[in-house]
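Novice: I'd like to go over a predicted model; first the sequence, then the structure.
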Amino acid sequence: MKISEFIDPKGIKLQVALADQNDAIDKLIALHNEVGNLKDAEGFKQAILTREAKGSTAIGNGIAVPHGKSAAVEKAGLVAITCPGGVDYKAMDGNPSNLLFMIAAPEGGADTHLEVLAKLMQLLMDPAFCKNLVEAKTVDEFLSLIDAKEAEKDAASDVKPSVVAGAKKIVAVTACPTGIAHTFMAAE
């Protein structure tokens with residue numbers, strides 16, 4: 001599974017000025033609607049707002065990844081906005097978000113959106129990569145950065161770590177509001 005399978009180039013807007021979190025949500029939902037991921041934009045917005053009411057999906061370090069699973073979604077998809085000036089998305093670290101991805105998943109569908117979220121979060125752990133995405137000048141450059149980072153991660157995962165006799169493997173599980181992504185990151 002590749003991130004590029006879930007993101008239509010028309011679902012990426014670069015260097016967008018956002019007034020606030022609600023403006024960000026509206027613009028991201030509009031992108032999902034524009035690329036045909038939604039049956040009902042208002043219904044999907046309710047799913048996003050319900051999720052945000054449980055805790056912000058801004059993970060800090062300038063990144064927000066709102067997501068929702070809803071009957072209002074036609075097909076799973078991912079959209080993105082860069083906002084160089086940042087927007088207050090209520091991140092736990094108190095910093096503005098300048099790189100926003102939104103995942104839409106159909107209700108009753110497979111948990112593909114969790115795979116996309118986990119893979120995306122693994123890529124976004126690299127601050128230099130995030131900075132390059134925010135500074136991308138074209139959609140093609142933005143997508144090329146994602147493809148290259150994914151290829152790098154995939155190649156690295158093909159390398160088997162050496163095992164020291166008697167060594168134990170530790171995997172962390174978290175109760176953080178963005179816990180699923182953090183759990184996958186901890187496993188990495």
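Specialist: Perfect, I can see it now.

Novice: from residue 105, how far off is residue 50?
Specialist: 14 Å (C-beta to C-beta, to the nearest Å). (C-beta placed from N, C-alpha, C; glycine too.)

Novice: sketch out the low-pLDDT regions of the chain for me.
Specialist: 109-110, 158-166, 170-188 (pLDDT under 70).

Novice: now residue 58. Its backbone dihedrals?
Specialist: Main-chain torsions, residue 58, degrees, to the nearest 10: phi -80, psi 120.

Novice: and if you look at residue 107?
Specialist: According to degrees, to the nearest 10, residue 107 has phi -60, psi 140.

Novice: who's in contact with it?
Specialist: Counting by C-beta atoms under 8 Å, 6 or more residues apart in numbering, residue 107 touches 69-71, 73.

Novice: now the residues you listed in a markdown table, with secondary structure and distance to residue 123?
Specialist: A markdown table is the format used below for the contacts of residue 107 (DSSP: H, G, I helix; E, B strand; the rest coil; distance: C-beta to C-beta, whole Å):
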| residue | secondary structure | distance to residue 123 |
| --- | --- | --- |
| 69 | strand | 21 |
| 70 | strand | 25 |
| 71 | coil | 29 |
| 73 | strand | 23 |
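
Novice: filter those to the buried ones?
Specialist: Among the contacts of residue 107, those classed as buried by 16 or more other C-beta atoms under 10 Å are 69-70, 73.

Novice: which one of these is nearest to residue 142?
Specialist: residue 73 (23.1 Å; C-beta to C-beta).

Novice: contacts only, for the closest one.
Specialist: Contact analysis of residue 73 by C-beta under 8 Å, 6+ apart lists 37-39, 44, 104-107, 109.

Novice: run through the bridge partners of it.
Specialist: residue 38 (DSSP bridges).

Novice: what distance do you get for it to residue 13?
Specialist: 20 Å.

Novice: was I right about residue 112 contacting residue 5?
Specialist: No: between residue 112 and residue 5 there is no contact, the gap being 9.5 Å when judged by C-beta atoms under 8 Å.
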